[in-house]
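In: What follows is a predicted structure for the sequence shown.
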Amino acid sequence: MKYSFLEIAPDVAEALQNKRPVVALESTIIAHGMSYPDNVENALRCEAIVRENGALPATIAIIDGRFKVGLSTDEIERLGREGQKISKTSRRDIAFILARKACGATTVASTMIAARLAGIPIFATGGIGGVHRGAAETMDISADLQELARTNVAVVCAGAKAVLNLELTLEYLETYGVPVVGFQTEEFPAFYTRRSGLPVDYRIDTPEELAFALRVKWDTGVQGGVVIANPIPKSHAMNRESVEQAIEQAIHDADAQEIRGKALTPFLLARVEQLTSGVSLLANKALVQNNAALAAKVAAAYSALD
């Protein structure tokens with residue numbers, strides 16, 4: 001009865017039982033991060049990339065009151081088509097979306113929870129949430145950061161979303177003992193761009209070394225997640241100054257329209273897409289697909305340790 005709400009797709013369950021590599025993928029990027037049909041195309045491409053790199057994808061969402069680990073193509077299509085009508089679901093929302101037998105697009109935090117319940121230690125996303133700009137007044141800090149402090153899942157990302165205060169996000173992660181590891185970089189990536197001017201805690205250059213470090217961390221009983229910061233490919237990296245200008249304008253527009261809470265990050269990303277004439281969307285797709293490839297390689301190396 002304890003996990004009666006959890007439904008693991010048969011192929012994912014079989015892979016986990018046989019200790020084969022699986023990569024968790026979130027669904028907020030489908031329902032809230034991109035518009036249709038780009039969202040569905042990107043989600044299916046990420047799943048294909050995970051398979052191409054030696055692991056099985058498990059896209060996660062709440063579907064009609066069931067925490068589903070491993071969505072069908074039809075379910076991904078449904079999330080993409082319904083978009084903003086699907087509830088953006090973080091830790092605080094899970095019980096209520098399940099109880100109402102509703103649908104929820106899982107954030108980094110809630111995807112980590114489902115991945116832990118299913119036994120999936122590696123998760124790929126675009127960028128984690130963090131401390132918002134102006135948080136000294138608004139106290140707007142993503143639940144993703146606390147989840148990283150408590151849940152044993154490694155998150156492969158292109159850093160934190162660029163609309164955030166990256167310096168305070170890193171300070172928060174340090175306070176709660178979350179390692180920030182740069183994959184083949186000593187600098188924390190800034191989502192759309194490869195550089196932020198901020199250092200990571202450790203640089204690691206191979207998936208095998210990453211996997212072994214994760215195993216050592218959790219085998220020694222050190223609880224909590226790990227941020228694996230994977231820079232956007234050079235071919236799709238945007239100009240730092242132009243991105244910052246677009247972000248500042250988007251934040252100004254959000255303030256003018258009094259957009260707050262859950263709606264803020266989706267609004268900012270969509271507004272930046274408009275202000276950059278769609279270039280940021282192409283960058284977003286490239287970075288999340290790049291993260292899916294690395295996560296699959298780390299998952300395969302981690303599985304090989306068994």
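Out: Great, that's in hand.
In: Could you list the buried residues of the helix or strand of the chain with the lowest mean pLDDT?
Out: Lowest mean confidence among the helices and strands of the chain (mean pLDDT, DSSP states H and E): helix 135-138, at a mean of 74. By neighbour count on 16 or more other C-beta atoms under 10 Å, the buried set for helix 135-138 is Ala135. For every residue, glycine as well, the C-beta is placed using N, CA and C.
In: Show me what it is packed up against.
Out: Here helix 135-138 touches no other helix or strand, going by 3 or more C-beta pairs under 8 Å, 6 or more residues apart in numbering; DSSP states H and E.
In: quick one: contacts of it?
Out: Helix 135-138 has contacts (C-beta atoms under 8 Å, 6 or more residues apart in numbering) with His132, Ile141, Asn165, Leu168, Arg260.
In: Let me have the residues you listed in a markdown table, extended by secondary structure and neighbour count.
Out: A markdown table is the format used below for the contacts of helix 135-138 (DSSP: H, G, I helix; E, B strand; the rest coil; neighbours: other C-beta atoms under 10 Å):
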| residue | secondary structure | neighbour count |
| --- | --- | --- |
| His132 | strand | 23 |
| Ile141 | strand | 18 |
| Asn165 | coil | 19 |
| Leu168 | helix | 17 |
| Arg260 | coil | 13 |
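In: of all those, which two lie farthest apart?
Out: Across the contacts of helix 135-138, the longest distance by C-beta to C-beta is 18.2 Å; it joins Leu168 and Arg260.
In: could you check the distance from the closest residue to Asp38 other than its chain neighbours over to Gln146?
Out: Excluding its sequence neighbours, the residue lying closest to Asp38 (C-beta to C-beta, 6 or more residues apart in numbering) is Leu281, at 6.6 Å. Distance of Leu281 to Gln146, given as C-beta to C-beta, to the nearest Å: 29 Å.
In: And the helices in the stretch 151-300 of the chain?
Out: For the stretch 151-300 of the chain, applying DSSP state H, counting those that start in this stretch gives helices covering 166-175, 207-219, 240-256, 264-275, 279-304.
In: Send me the shortest one as PDB with only the CA atoms.
Out: I take that to be helix 166-175. What follows is helix 166-175 as a C-alpha-only set of coordinates in PDB (Å, rounded to 0.1, in the frame of the first residue of the first chain):
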ATOM      1  CA  LEU A 166      23.600  32.300  -9.900                       C
ATOM      2  CA  GLU A 167      26.000  33.500  -7.200                       C
ATOM      3  CA  LEU A 168      23.400  33.200  -4.400                       C
ATOM      4  CA  THR A 169      22.300  29.900  -5.800                       C
ATOM      5  CA  LEU A 170      25.800  28.500  -5.500                       C
ATOM      6  CA  GLU A 171      26.100  29.900  -1.900                       C
ATOM      7  CA  TYR A 172      22.800  28.200  -1.000                       C
ATOM      8  CA  LEU A 173      24.000  24.900  -2.400                       C
ATOM      9  CA  GLU A 174      27.300  25.200  -0.500                       C
ATOM     10  CA  THR A 175      25.500  26.000   2.800                       C
END
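In: Residues touching it, excluding its own?
Out: Defining contact as C-beta under 8 Å, 6+ apart, one finds that helix 166-175 is touched by 128, 130-131, 135, 141, 145, 148-149, 159-160, 180, 188, 190, 196, 198, 201, 227.
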